[in-house]
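Enquirer: sequence plus predicted model, see below.
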Amino acid sequence: MHKVIMPDLGQTVAEGRIVRWLRKPGDRIQKGEPLLEVETDKVTMEVEAFKGGYLREFFAHEGQLVSALTPIAILTDDPAELYEHPGPIGVDSSSRAVHTVSSPTVTSPVRVLASPASRARARELGIDLREAHTTGADRLITRRDVERIAAEGKGPRRATMAAITSRSMQTIPHFHVTVDLDVSRLVRWREEWNARHPDVHASANDIFVRVACAALRESPQLNVRYSDGNIEQRRSTNVLLVVAADTGLTLVSIADPTALPWEEYLRSLRRTLEQARHNRVSEESASSDSPVLAISNLGMFGVRQFTAIIPPTATAVLAIPAIREQPVVRNNQIVIGQVCTLTLCADHRVVDGIIAAKFLGRMQAQMESL
């Protein structure tokens, strides 16, 4: 058996209050899984399981004030294993009632110091707080720390991305809207620009990103975020790019590209993407104002169409495949044009099909105005 004890909360804190149990008796517990939340006069934190096993019984209830190092629950390796009951909390150990005796193992719960807001945000984003680097006083993890992890994709990349995508699919009701956009004007503009600026070439993705930000500015109904049951209206038109880094996919926040002249924007984006691919994203490029629109591009691989997963910090993700030539109708004549099949995946809690369709329509209009 394994006793779960109230952790040692520091020299100035001798006791903590159990806010809530996160699991119930009979549950199978994995090592490192949060078991309960504990509150002191300074902070609320999670207590994690130091061992795996079956949660058999609580020795302290929610709302109870418990001294440090006091047994508060029991884990066993087998769901039917007999164990020793410590008796009422605070009673001397000599008065314990013994159901059966086996060699006890006292666990040392992992302590993660974090504000209540940061814990709620971490659960929403699927972030492991043990990966957070603190900026708050007394090494306290703040909500800003959590959102920085999500925006930067820091930590073990593949594990972080796995947690993010799993959490996203579990908590965000995804829906998709797909359109064929005529991108002939984009292709011509790019050719003209690159001919005039041989040292600052623009890729199709560079143009798509800028066009998407301009369309987002004209689509305030899409520029919202669902958070803790509330709908937040956003003003920033920063975007979140899905980038293939050395160790896997990562998310990089890009400041509103329409705020810069084209040449300055292209140079800045090139530097940021190069840093991201080598896991050297600077603090300046990771905006604290988490974007609501993410962009994923697989056009360089010849992909005709795909859907993407919404990052937990975002409201929508735009999937950009390859540009292809195909017959299109212009002025009642069939000609060969350039077409790209864009798919917008959005959070149905705050965005409906009409909003998504209007945004894609604004993208077409922005391309025509290049």
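Expert: Structure's in. What do you need?

Enquirer: going by C-alpha atoms from here, please, whenever you check contacts or count neighbours.
Expert: Will do.

Enquirer: okay, now the unreliable bits of the protein?
Expert: Low-confidence segments of the chain (pLDDT under 70): 9-14, 41-43, 84, 86-112, 120-121, 123-139, 147, 150-163, 245-248, 278-289.

Enquirer: domains for it, by residue range?
Expert: 1-114, 168-368 (automatic domain parsing).

Enquirer: dump these to CSV, plus distance to I141 and mean neighbour count.
Expert: Shown next, in CSV, are the domains of the chain (distance: least, CA to CA, whole Å; neighbours: other CA atoms under 10 Å):
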stretch, distance to I141, mean neighbour count
domain 1-114, 4, 17
domain 168-368, 15, 18
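
Enquirer: what residues does stretch 331-342 touch?
Expert: Residues outside stretch 331-342 that contact it (CA atoms under 8 Å, 6 or more residues apart in numbering) are 178-184, 187, 304-305, 318-329.

Enquirer: which ones among these lie within helices?
Expert: Among the contacts of stretch 331-342, the residues falling in helices (DSSP state H) are 184, 187.

Enquirer: coming back round to it: okay if I get the domains of the chain as CSV plus distance to A122?
Expert: Shown next, in CSV, are those (distance: least, CA to CA, whole Å):
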stretch, distance to A122
domain 1-114, 10
domain 168-368, 10
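
Enquirer: wait, which of the ones you listed is closest to I149?
Expert: The closest of those to I149 is domain 168-368. By CA to CA, the value is 9.5 Å.

Enquirer: quick one: end-to-end distance for that closest one.
Expert: End-to-end span of domain 168-368 (CA to CA, to the nearest Å): 34 Å.

Enquirer: quick check: which element contains T165?
Expert: Applying DSSP states H and E as the criterion places T165 in helix 157-171.

Enquirer: equivalent analysis for K358, please.
Expert: Using DSSP H and E, K358 sits in helix 353-368.

Enquirer: need the three-state assignment for T341.
Expert: Three-state call for T341 (DSSP: H, G, I helix; E, B strand; the rest coil): strand.

Enquirer: ok, it to A319 distance?
Expert: Counting by CA to CA, the gap from T341 to A319 is 9 Å.

Enquirer: ok so, going back, distance from the helix holding K358 to the middle of the chain?
Expert: Centre-to-centre, helix 353-368 and its host chain are 26 Å apart (CA atoms, centre = their mean, to the nearest Å).

Enquirer: stretch 68-81 too?
Expert: Worked out by CA atoms, centre = their mean, stretch 68-81 lies 33 Å from the chain centre.

Enquirer: again with stretch 63-71
Expert: That offset, for stretch 63-71, works out to 33 Å (CA atoms, centre = their mean).

Enquirer: distance between the ends of it?
Expert: End-to-end distance for stretch 63-71: 16 Å, by CA to CA.

Enquirer: please renumber so the chain begins at 42
Expert: All right, first residue 42 from here; so that's stretch 104-112.

Enquirer: shared neighbours, T382 and A360?
Expert: With CA under 8 Å, 6+ apart as the test, T382 and A360 both reach Q346.

Enquirer: before we move on, the earlier item: what does the helix holding K399 rub up against?
Expert: Contacts to helix 394-409, defined as CA under 8 Å, 6+ apart, come from residues 218, 220, 222-224, 226-227, 252-253, 255-257, 259-260, 262-263, 385, 387.

Enquirer: returning to that earlier point: to T183, which of the domains of the chain lies closest?
Expert: domain 42-155 (6.2 Å).

Enquirer: backbone dihedrals for V284, please?
Expert: V284 adopts backbone torsions of phi -120, psi 140, taken as degrees, to the nearest 10.

Enquirer: surely it meets L290?
Expert: Yes: using CA atoms under 8 Å, V284 is in contact with L290, at 5.6 Å.

Enquirer: how about the strands in the stretch 292-411 of the chain?
Expert: For the stretch 292-411 of the chain, applying DSSP state E, counting those that start in this stretch gives strands covering 334-338, 357-361, 365-371, 374-388.

Enquirer: any idea how far the second one is from the chain center?
Expert: Its chain's average C-alpha position is 16 Å from that of strand 357-361, according to CA atoms, centre = their mean.

Enquirer: stretch 355-367 too?
Expert: 21 Å.

Enquirer: do me a favour and get the end-to-end distance for it?
Expert: Per CA to CA, stretch 355-367 runs 33 Å from first to last residue.

Enquirer: likewise stretch 313-332?
Expert: 16 Å.

Enquirer: CA-only coordinates of the strand or helix carrying L76 in PDB, if you can.
Expert: Using DSSP H and E, the element containing L76 is strand 75-80. Taking C-alpha atoms only, strand 75-80 is exported to PDB below (Å, rounded to 0.1, in the frame of the first residue of the first chain):
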ATOM      1  CA  PRO A  75      -3.200  15.100 -10.100                       C
ATOM      2  CA  LEU A  76      -5.100  13.700  -7.100                       C
ATOM      3  CA  LEU A  77      -6.400  16.800  -5.300                       C
ATOM      4  CA  GLU A  78      -6.100  20.600  -4.900                       C
ATOM      5  CA  VAL A  79      -4.700  22.000  -1.600                       C
ATOM      6  CA  GLU A  80      -5.000  25.600  -0.500                       C
END
